[in-house]
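K.L.:
quick one: sequence plus predicted model below, questions after.
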Amino acid sequence: MPDGQAKPGAGIGGFGGVGGAGTKAGARSAVAYEVYDFRRPDKFSKEQLRTLQMLHETFGRLAGTSLSAYLRSTVNIDLISLEQVPYEEYLRSINQSAFTIMSIPPLSGQAALEVEFGLVFSMIDKLLGGPGRSLERSMLTDIEQPLFHNIVDRMFGALKAAWEGVVIVNPSIEAIETSAQFVQIAPPTDIVVSILFEVRMGETHGAMSLCIPYMVLKPITTKLSAQKWFAASASRKQTLAHRRALTSSLNDTEVSCWGRLGRSQITVSDFIRLRQGDVIKLDQKVARDIEFLVANTPKFAVRPALSGKKLAFQVRRRLNEE
């Protein structure tokens, strides 16, 4: 064979050498990867979702406290889950609920607060003095709608207080719908934050959720960091506005008050023989002030009086002040 021409095996041998180098490269450890679903793109980072979770855990506690005072029954609201899902998927998970479509200026767009009907009717029954019975209905009457508005307004106050560390919002009711198909706050494929709560009120329990489109939260995503939220929460506790909010809440709290005219001890036999016109002697002299109790605790010394045709008490002094 003439010089300068490669032998038939040389090319194969050279190719085999390259193949050997490729085998060594292929022996590297596997590269870590994460499955990504393009139909459900992640709009929020894990830190932002964690901040939203802490923020709405606070909302649940504040809303539970506010509703407990309003309904005169213990209400517990616990956050169950928070996730980002397409809006159409959120709607498919809802059944037999009342939707409150709300605006939350200064943020543009709308959000939705969803409450199961069983829970809605239990709250309304409790508000009207009932035991908290539920009804098998999926519509609100003209009388029930303003009552439900009042309940939602209480929760809006809690939402505003919980969000103060991120942005000062003023939630307001735009409409109330009883069918999910009429709740169009975002295109079907848009990502929303779905926040699920469990609400317990005595023997009654049900689900409540808050749905906020990503486009509503987009202007404040840079503020959704745990560090900024904690810093704002710490400073907020010292602000005059926070003190005024607490004072306002306390001023609206109702307490039972009554005056104690005196005490007496009688036997059971005398009690059984009591008749109209009988006189029971008390340990309190007529000319002395009597005790005025607030929530069963003596607070004031008062004197019985008349206000028009009604019996009243004139406060003389505090019992702890001599």
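P.N.:
Great, that's in hand.
K.L.:
residue 114 in helix, strand or coil?
P.N.:
strand (DSSP: H, G, I helix; E, B strand; the rest coil).
K.L.:
mind pulling up the pLDDT for it?
P.N.:
In this model, residue 114 is scored at 93, pLDDT.
K.L.:
for it, give its distance to residue 90.
P.N.:
Residue 114 is 9 Å from residue 90, where distance means Cβ to Cβ, to the nearest Å. Glycine gets a C-beta too; all of them are placed from N, C-alpha and C.
K.L.:
need the overlap of contacts for those two.
P.N.:
Residues touching both residue 114 and residue 90 by Cβ atoms under 8 Å, 6 or more residues apart in numbering: 209, 211.
K.L.:
can you pull out the helices in this protein?
P.N.:
8-26, 46-71, 87-92, 117-127, 144-163, 214-217, 226-236, 240-251, 268-272 (DSSP state H).
K.L.:
mean pLDDT added to the ones you listed, as a markdown table?
P.N.:
What follows is the helices of the chain, written out as a markdown table (pLDDT from 0 to 100):
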| stretch | mean pLDDT |
| --- | --- |
| helix 8-26 | 46 |
| helix 46-71 | 89 |
| helix 87-92 | 91 |
| helix 117-127 | 91 |
| helix 144-163 | 92 |
| helix 214-217 | 90 |
| helix 226-236 | 52 |
| helix 240-251 | 72 |
| helix 268-272 | 89 |
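K.L.:
wait, which of these is closest to residue 286?
P.N.:
In terms of Cβ to Cβ, the element of the helices of the chain nearest to residue 286 is helix 268-272, at 22.3 Å.
K.L.:
name the residues that touch the closest one?
P.N.:
Contacts of helix 268-272 (Cβ under 8 Å, 6+ apart): none.
K.L.:
cool, and stretch 251-266?
P.N.:
Outside stretch 251-266, the residues touching it (Cβ under 8 Å, 6+ apart) are 69, 280-284, 290-296, 298, 302, 304, 313.
K.L.:
hmm, try it at 10 Å
P.N.:
Stretch 251-266 has contacts (Cβ atoms under 10 Å, 6 or more residues apart in numbering) with 66, 69-70, 72, 273-274, 280-286, 288-300, 302-304, 311-313.
K.L.:
just the buried residues of those residues.
P.N.:
66, 70, 289-293, 300, 302, 313 (16 or more other Cβ atoms under 10 Å).
K.L.:
closest to residue 126 among those?
P.N.:
Looking across the buried ones among the contacts of stretch 251-266 and measuring by Cβ to Cβ, the closest to residue 126 is residue 70, at 9.3 Å.
K.L.:
do I have it right that that closest one meets residue 150?
P.N.:
Yes - between residue 70 and residue 150 a contact is recorded at 7.7 Å, counting by Cβ atoms under 10 Å.
K.L.:
who touches both of the two?
P.N.:
123, 127.
K.L.:
ok, and the closest non-adjacent residue to residue 151?
P.N.:
Computed as Cβ to Cβ, 6 or more residues apart in numbering, the closest residue to residue 151 that is not its neighbour in sequence is residue 123, at 5.5 Å.
K.L.:
neighbours of that neighbour, how many?
P.N.:
Residue 123: 26 surrounding residues under other Cβ atoms under 10 Å.
K.L.:
contacting residues for it?
P.N.:
67, 70-71, 73, 75, 115, 132, 134, 147-148, 150-151, 199, 201, 204, 206.
K.L.:
spit out the contact partners of residue 141.
P.N.:
Residue 141 sits in contact with 124, 147, where contact means Cβ under 10 Å, 6+ apart.
K.L.:
please apply the same query to residue 134.
P.N.:
Residue 134 is in contact with 116-125, 204, 206, counting by Cβ under 10 Å, 6+ apart.
K.L.:
measure it to residue 205 for me?
P.N.:
11 Å.
K.L.:
quick check: neighbours shared by the two?
P.N.:
If you check residue 134 and residue 205 against Cβ under 10 Å, 6+ apart, the residues they both contact are 116, 118-119, 122.
K.L.:
name the nearest residue to the residue positioned nearest the centre of the chain, ignoring sequence neighbours.
P.N.:
Centroid-nearest residue in the chain, with Cα atoms, centre = their mean: residue 60, separated by 2.9 Å. Sequence neighbours aside, residue 77 is the residue nearest to residue 60 in space, at 4.0 Å (criterion: Cβ to Cβ, 6+ apart).
K.L.:
correct me, but that neighbour touches residue 67?
P.N.:
Yes - using Cβ under 10 Å, residue 77 is in contact with residue 67, at 7.7 Å.
K.L.:
overlap of the contact sets of these two?
P.N.:
Residues touching both residue 77 and residue 67 (Cβ under 10 Å, 6+ apart): 155, 158, 199, 201.
K.L.:
identify the farthest-apart pair in those.
P.N.:
Maximum pairwise distance in those, criterion Cβ to Cβ, is 15.4 Å, between 158 and 201.
K.L.:
domain-wise, how is the chain divided?
P.N.:
46-251, 257-318 (automatic domain parsing).
K.L.:
most tightly packed of those domains?
P.N.:
Most buried of the domains of the chain by mean neighbour count (mean count of other Cβ atoms under 10 Å) is domain 46-251; its value is a mean of 17.
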